[in-house]
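Q: Kindly return the folded structure for what I paste below:
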Amino acid sequence: MTNELGIDRSGNNNTWTVNNMTLAADQVVDSPTNNFCTLNPVTLNAGDTHNSGGVAVLTEGNLTWDSVASQTTYFSGASTFSMLTGKWYAEVRCDVHDGTGAFSPGIIFNFSENYKNHAQPGEFAFSWGYHSSGLVAVNNSALAGTYASFTVGDIIGIAVDLDNDKFYVAKNNTWQEQNPSGGSGLSLSAYAGKEAVFACGATNANRKSGTWNFGQDSSFAGEETAQGNQDSNDIGDFYYTPPSGFLALCTSNLPAVAVTPSEHFNTILYTGDGTGTQAQTGVGFEPDMIWVKSRNAANYHGIADQVRGVDKFLYPNDNLAEETNSTDYINSFDSDGFTHGSNGTVGQNTITYVAWNWKANGSGSSNTVGDLDSTVSVNADAGFSIVSYTGDGSSPATIGHGLSKAPELIHIKNRTDVDSWISFTTVIDGSLDYMYLNLTNAKANLGIATPTSTVFSVDDGNQINGSGDAHIAYCFHSVDGYSKVGSYTGNGNADGTFVYTGFTPAFVIIKKTSNTGVWWMIDNKRETSNPREFGLQANDSAVELSVSKPFDMVSNGFKTRAASGYFNDAETYIYLAFAETPFKYSNAR
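A: Now for the predicted structure:
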């Protein structure tokens, strides 16, 4: 490999001459067809209030992390890949270990929610770290056991088994306390089902530095002689042989994606012509739910779906009851889009529009699971269902949603009465919280059961269970590589928070939950390059609003680029995102 850098194999004799490069140190097995994990530069600042003097720096293709001298404490950020299932192995070499304090590689769960104001893995909740001082810490507590200290030149191995919720660490290929071959391991069961990332950090004012190898370079940027060991899939270049069954964190080893995003969600743009029978195409499928908003006019948002029928319209930004009109709104759901009327919500002459489209399963079928019968149009693969039911005023009452997993976000509207939309979510703290889609209120706890894999619960509130009233619910749960319902904490900085989704987003809607705030909507069609500055507010009929440099949509998530109450105060937010491209197939952005 090291003698082939620059060689043109096309037959056109365009071979390059290697200049100012050390082949053993500067050539790695990473390629466009198999991209390996690195450390993520957009997470470096991470709002760390311990960091009084600056941030750590990344070099060597974002594999070497350096705290720099004379700083207080540092937090590294996170790896570019997260891990939800599977067995994964990585190595890190300690390059610099000046003075006192510890260097700590490890893992962090739910990084977007749990990175803030902390120095290194192991020193705060949801984190594990192997400290150079000779201990393994979890959630700011040292675990019992005898662990070897390490220093410059030592290579630390980390094996994470998320299928069996186990964690292992090694120094120079000697596994500490627990061995992956025995399967005992340090338990991760408290974090089952949560995403993990690799990370590292250091404490005290003396410089610490380490170089990671996720399988692309066992020379550690030329500091060691490459060993060329591979994982169980014959992939990678590791210094030590990974434990049996543990893999390099790279795109070739990521699981196949079950959902092709463009077949289940898509955004289109169009300009109304006022004719009353205007057809829109380019959706790529027959939509079962359409959410439309005018961009350059202060007209209401509108939602139509196949369960309620083409002549029924609801307004997400208002508490109005359902409106019926056979000609002015959506006239038909078509094989590649929809046909609409001339109302200002969907088709006024010269007005520009955006339409977000979801695929469910047509007009739905009867569901008798739960206390109240429902009609459900479900796309189980994509984690989306449309649920129609009639309330009975009881509390609690359960309703079947048709999905294979518990929904994490549900928007419900009483179709009969003038009453606010209710939005349920479980992603903030695990309990069932609610907000109003048409208002800016902070979240509150509902005090009823959280959704299960078969039903969601309602109380006797008129908004969600009005006796004799028709209701509609839109249910969502995360699907790896396609959609994500999540929560994060903003940092209030111009260099804002990074949120990992596991895909390049096509659409994101965000709501501040710890305080009042708008529902901010952004997509990849109204702007096709970063930063994305144009947003709409789901709770308001206002025209499209430009906020300077608010958002980057990147290969594995989104990065806020401003201190803004819409998406990046030092507050808690929830979001619903859908993919343009799964991370397994994304290009770097």
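Q: which is the next helix or strand following the lowest-mean-pLDDT helix or strand in the chain?
A: Lowest mean confidence among the helices and strands of the chain (mean pLDDT, DSSP states H and E): strand 74-75, at a mean of 60. Beyond strand 74-75 on the C-terminal side, the first helix or strand identified by DSSP states H and E is strand 87-97.
Q: ok, now which ones touch the residue nearest in space to the middle of the chain?
A: For the chain, T501 is the residue whose C-alpha lies nearest the centre (CA atoms, centre = their mean; 1.8 Å). Listed by CB atoms under 8 Å, 6 or more residues apart in numbering, the contact set of T501 reads 484, 486, 556-558, 577, 579. Every C-beta, even on glycine, is put in place using the N, C-alpha and C of the backbone.
Q: Confidence-wise, which of those residues comes last?
A: pLDDT is lowest at N556 among the contacts of T501; the value there is 89.
Q: where does the nearest residue to it once chain neighbours are set aside fall, phi/psi-wise?
A: Once flanking residues are discounted, N556 sits nearest to F583: 4.9 Å by CB to CB, 6 or more residues apart in numbering. Backbone torsions for F583, taken as degrees, to the nearest 10, come to phi -60, psi -30.
Q: and F583, how far is that from K484?
A: 11 Å (CB to CB, to the nearest Å).
Q: Could you check which of the two is surrounded by more residues?
A: K484 (28 against 24; other CB atoms under 10 Å).
Q: Quick check: beta-bridge partners of that one?
A: Judged by DSSP bridges, the bridge partners of K484 are A577.
Q: Quick check: it touching S478?
A: Yes. Counting by CB atoms under 8 Å, K484 does reach S478; the two are 4.9 Å apart.
Q: tally of neighbours for the residue nearest to A570 when sequence neighbours are not counted?
A: The spatial neighbour of A570 that comes closest, neighbours along the chain excluded (CB to CB, 6+ apart), is G492 at 3.9 Å. Burial of G492 is recorded as 15 neighbouring residues (other CB under 10 Å).
Q: same question, T241
A: Considering only other CB under 10 Å, T241 is surrounded by 15 other residues.
Q: rewinding a little: per-residue confidence at the residue nearest to A570?
A: On pLDDT, G492 comes in at 88.
Q: in a helix, that's where it is, yeah?
A: No. Counting by DSSP: H, G, I helix; E, B strand; the rest coil, G492 is not part of a helix but coil.
Q: I'd like the distance between it and P41.
A: From G492 to P41 the distance is 20 Å (CB to CB).
Q: and if you look at G486?
A: Computed as CB to CB, the G486 to P41 distance reads 21 Å.
Q: Then A258?
A: 30 Å.
Q: burial measure for the closest residue to T513 other than its chain neighbours, as a count.
A: In this structure, T513 finds its nearest non-sequential neighbour in K443, 4.1 Å apart by CB to CB, 6+ apart. By other CB under 10 Å, 21 other residues sit near K443.
Q: got a list of what K443 touches?
A: Per CB under 8 Å, 6+ apart, neighbours of K443: 425, 428, 433-435, 513-514, 574.
Q: Give me the buried subset of those residues.
A: 425, 428, 433-435, 513, 574 (16 or more other CB atoms under 10 Å).
Q: and which of those residues is nearest S189?
A: Using CB to CB, I428 comes nearest to S189 of the buried ones among the contacts of K443, at 22.2 Å.
Q: Spell out which strands sit alongside the helix or strand in which V354 is found in the sheet and which way each one runs.
A: Element membership for V354, per DSSP H and E: strand 352-358. Strands that pair with strand 352-358, judged by DSSP bridges, come out as strand 265-271 (antiparallel), strand 289-294 (antiparallel).
Q: In TSV: those strands, plus mean neighbour count and mean pLDDT.
A: Formatted as TSV, those follow (neighbours: other CB atoms under 10 Å; pLDDT from 0 to 100):
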stretch	mean neighbour count	mean pLDDT
strand 265-271	20	98
strand 289-294	25	98
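Q: Dump those to TSV, plus distance to G393.
A: Output for the strands paired with strand 352-358, formatted as TSV (distance: least, CB to CB, whole Å):
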stretch	distance to G393
strand 265-271	35
strand 289-294	27
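Q: Can you check which of these gets nearest to S529?
A: That would be, of the strands paired with strand 352-358 and by CB to CB, strand 265-271, which comes in at 15.3 Å.
Q: Might you calculate how far that closest one sits from the centre of the chain?
A: In this view, strand 265-271 has its centroid 23 Å away from the chain centroid, taken as CA atoms, centre = their mean, to the nearest Å.
Q: Next secondary structure element downstream of it?
A: strand 278-280.
Q: got the buried residues for that following strand?
A: Buried residues in strand 278-280 (16+ other CB under 10 Å): 278, 280.
Q: Mind splitting this structure into its structural domains?
A: According to automatic domain parsing, the chain comprises the domains 35-253, 261-358, 365-476, 483-585.
Q: which one of these lies closest to T15?
A: Going by CB to CB, the one of the domains of the chain nearest T15 is domain 35-253, 23.1 Å.
Q: if we can go back for a sec, what's near enough to touch the residue nearest to N556?
A: 81, 251, 254, 481, 502-504, 555-556.
Q: follow-up on the earlier one: any idea how far the residue nearest to T513 lies from A226?
A: 51 Å.
Q: With R526 instead?
A: Between R526 and A226 the computed distance is 47 Å (CB to CB).
Q: Equivalent analysis for G393, please.
A: Distance from G393 to A226, by CB to CB: 70 Å.
Q: cool, and T352?
A: Relative to A226, T352 is positioned 56 Å away (CB to CB).
Q: And for S483?
A: 40 Å.
Q: Which one of the two is surrounded by more residues?
A: S483 (29 against 20).
Q: got the contact list for the nearest residue to that one once chain neighbours are set aside?
A: Excluding its sequence neighbours, the residue lying closest to S483 (CB to CB, 6+ apart) is F578, at 5.1 Å. F578 is in contact with 261, 265, 482-483, 505-507, counting by CB under 8 Å, 6+ apart.
Q: go on, F198?
A: Listed by CB under 8 Å, 6+ apart, the contact partners of F198 are 37, 78-79, 90, 105-107, 158, 212, 214, 249.
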